[in-house]
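> sharing a sequence plus its predicted fold:
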Amino acid sequence: MAGRKTPAAQAAVIMGSDSDLEAMKPCMAALESLGVVFSVTIASAHRTPKHLESTIRAFEKNGGKVVIAAAGGAAHLAGVIAALTPLPVIGVPMRSPMLGLDSLLSMAQMPPGVPVAVVGVNGSQNAALFAAQILAHSNPAVRDALLAFRKRQAEKVVAKSRKMDKLGWAGYQA
């Protein structure tokens, strides 16, 4: 619609490579379902440091609140972003030939003063949920969507418990 201003992104999803896109789909789907306005881009800490820095500066200038950074291997992306901004950074280590352990340790072992929150390997949905928790403090709509999501999760677990009570463990498995 002409003349209509698009809301500024509250969250930025930054991937080190387009090879991370498949594992990050649950992140984007969760952000969308929670009503979080977000941007998605590819920027490499090693190959495009100037592009990465300009992306972070533009995100900050436009009022961005939280960054989700996905990378594999050496996985320096989240740490470099954390060094560039005071915004919260959530690292998503990508599965790699070393099962993602190298990525996980690269993100989790940040030096004092440059923290990165880290989810599990390929844990992109949890990264989105954590970003939503951060945003929920100042965005009532995101807070309500997050609470509704948690309620639906709880209802699913209770339904499974009731089914197991009714069928027994062996019947439930069948």
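That came through fine.
> contact partners of the lowest-mean-pLDDT helix or strand in the chain?
Ranked by mean pLDDT, DSSP states H and E, the helix or strand of the chain with the weakest confidence is helix 101-108, at a mean of 93. Under the contact criterion C-beta atoms under 8 Å, 6 or more residues apart in numbering, helix 101-108 has outside partners 71-76, 78-79, 91, 93-96, 116, 118, 120-121. Just so you know, the C-beta spots here come from the backbone N, C-alpha and C atoms, and that holds for glycine as well.
> which ones among these are found in strands?
Per DSSP state E, strands hold the following members of those: 71, 91, 93, 118.
> give the contact list for the most centrally placed residue in the chain.
By C-alpha atoms, centre = their mean, the mean C-alpha position of the chain lies nearest to Ala127, the distance being 2.9 Å. By C-beta under 8 Å, 6+ apart, Ala127 lies in contact with 27, 68, 70, 90-92, 119.
> repeat that for Leu77.
Leu77 sits next to 14, 16, 43-45, 52, 69-71, 91 when contact means C-beta under 8 Å, 6+ apart.
> check Ala174 too.
Leu167.
> over to Ala58?
Counting by C-beta under 8 Å, 6+ apart, Ala58 has no contacts.
> going forward, count from 30.
With 30 as the first residue, the last one maps to Ala87.
> host element of it?
helix 78-90 (DSSP states H and E).
> which residue sits closest to Glu89, ignoring its sequence neighbours?
Counting by C-beta to C-beta, 6 or more residues apart in numbering, Glu89 lies nearest to Thr114, which is 6.0 Å off, once chain neighbours are set aside.
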